[in-house]
Every structure is written in C-alpha cells, then in structure tokens.
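# need the 3D shape of this:
(one chain, ligands or ions: 1)
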Amino acid sequence: MRKKFVAGNWKMFTDHATAKKLAQEVVALMAGNHQIDVALCPPFTYLQTVGEVLKGTHIALGAQNCYHEKEGAFTGEISPAMLLDIGCKYVILGHSERRHKMGECDIAVNKKVHAALNVGLHVILCMGETLDERQANKTNEILKNQLDGSLAGVSATCFKSLVLAYEPVWAIGTGHNATPQQAQDAHAFIRSWVANHHGAEVAAHMVIQYGGSVKPDNAASLLSQPDVDGGLIGGASLKADQFLGIIRAGM
Ligand code: PGA
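Prediction:
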C-alpha cells in the first residue's frame, strides 16, 4: 500500500515573512495528521526559516533545484550537500519550468538526479508533455524519453529515494487540470516503465504524484485514481487552507 504524498512547490513566490507565516499555518492545520506525507518546497532563501518552523513536525522540507557538482567555482549554484546540510529531505528536479524556461535537458537533469541521490536526498522527478505533444498523440513517447534520459544509470535500489511527478505542461498554472482519466493513463504508463526497467515490486512501491492546476475541488477525483499517489501543488500551495483542502481530499 503506497502512502499518499502531497508537496507544495512555492516556486519564486513569498518573502521572508510570508514564507514563515505560510509554513506556520500549514503546521497548525496539519497538527496530529500523519495519514499523508507532506513536504514544503520554498525558494532557497527561505529554506532555513521554513525548516525551523517544520522542525519536530512530520512535514518535510524540500528545495526546487540543485546543481550536480559537490562544490567549486560555480557562481550562483547550490549543491545537493548544501540542501541536505540545511535540512532538506527532498529536491524537485526536472520541473517543466526549468526544462522549458531555463533550457534544462535530460542529460543535465540526469546528472542532478545522480548527484542528489548520492548524498542521500530524495528526488521528486518531474516529467510531462506540452499541449502540441499531447495533440500529436506523443504523450507516452515524451514520457518514455524523459524517463529514459533523466533516470539513465539510476539503480533499482535508488528508486526508494525517488518520487515521480507527472506534470503535463499545458496544465501547470493554467487552471486546466488533466482529467482524472488522462492522469490515470499517464501514471499507469509511467508505472509500467518502472516495472519494465526495475521489476514489478519496485513499480508497486513507486509514488507517482500528479501536478498541474490541482485545487481543493478537483483533488479528490484526481487523487482517487489507482495510480495517482499524491500531488505536486503550485498555486494552491501558497494558501494554507487550499493546500490543506487538497491534502484532506487525498485522505
Ligand atoms: P500549479 O503548478 O499547481 O500552479 O499548476 C504545479 C507545479 O508546477 O508543480
């Protein structure tokens, strides 16, 4: 039985005061609720503050990106070891905004995945097709390419520290979520890729989140799909009551 996992991706939002307040509100609303795994992923600059608020709770801290090198002359970059050092459990990698707006390719994502897993971080690896790709019936082909590329050389034992997130690009921040059936089909395809490469047992334990315009009112229908094991939430994670509404819908 897979435990559901809901993570809030705050993207480049909040400031110091609002990040702290949002984390405090989530902690207060989540008190005593351990049925679902939850993580908050604030911007780098607020990891420490949010981490302090989350200390002693069951809510994990996550970052939104990292570089693949351990240390060195890489101005502006953050290493996986630094994220671990500041208390992160998770790092989101391969988000479509990084793939499409920052030009990250599967080779770069793959290096980051290895580097993060090597230091003991858990990785939330994102993948998903654009609208053009979906309309051209290329969804599965795109997912396969992203899985093959981003997870090249990652062993079955490392899959324990991996979460996959299906995030159709056309659904992110648009208010147009995938239908529950579209999400289920893509998740089943992703799980079958894991089974083909690493066996049925690994695939059965694989947590696969859906992301893209998840809101409290559509969360129950998405999260009740058999292969949808939680959500990666952008916009709705910036309001504690909406984020909690989604978490409750997944229970
Ligand atoms: P959204 O973003 O919930 O605002 O669509 C999801 C994501 O990008 O992770």
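# quick one, phi psi at residue 125?
phi -100, psi 120 (degrees, to the nearest 10).
# which residues of this protein lie near the ligand?
9, 167, 172-173, 211-214, 232-236 (CB under 6 Å from any ligand atom). Backbone N, C-alpha and C define where each C-beta goes, glycine included.
# PyMOL command for the buried members of these?
Command for PyMOL that selects the buried part of those, burial taken from 16 or more other CB atoms under 10 Å:
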select buried, resi 9+167+172+211+212+213+214+232+233+234+235+236
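# mind putting the residues of the chain next to the ligand in JSON lines, secondary structure, distance to residue 24 and pLDDT included?
Below are the residues of the chain next to the ligand laid out as JSON lines (DSSP: H, G, I helix; E, B strand; the rest coil; distance: CB to CB, whole Å; pLDDT from 0 to 100):
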{"residue": "9", "secondary structure": "strand", "distance to residue 24": "19", "pLDDT": "98"}
{"residue": "167", "secondary structure": "coil", "distance to residue 24": "28", "pLDDT": "98"}
{"residue": "172", "secondary structure": "coil", "distance to residue 24": "27", "pLDDT": "97"}
{"residue": "173", "secondary structure": "coil", "distance to residue 24": "25", "pLDDT": "96"}
{"residue": "211", "secondary structure": "strand", "distance to residue 24": "24", "pLDDT": "98"}
{"residue": "212", "secondary structure": "coil", "distance to residue 24": "27", "pLDDT": "98"}
{"residue": "213", "secondary structure": "coil", "distance to residue 24": "26", "pLDDT": "97"}
{"residue": "214", "secondary structure": "coil", "distance to residue 24": "23", "pLDDT": "98"}
{"residue": "232", "secondary structure": "strand", "distance to residue 24": "22", "pLDDT": "98"}
{"residue": "233", "secondary structure": "strand", "distance to residue 24": "18", "pLDDT": "98"}
{"residue": "234", "secondary structure": "coil", "distance to residue 24": "20", "pLDDT": "98"}
{"residue": "235", "secondary structure": "helix", "distance to residue 24": "20", "pLDDT": "98"}
{"residue": "236", "secondary structure": "helix", "distance to residue 24": "18", "pLDDT": "98"}
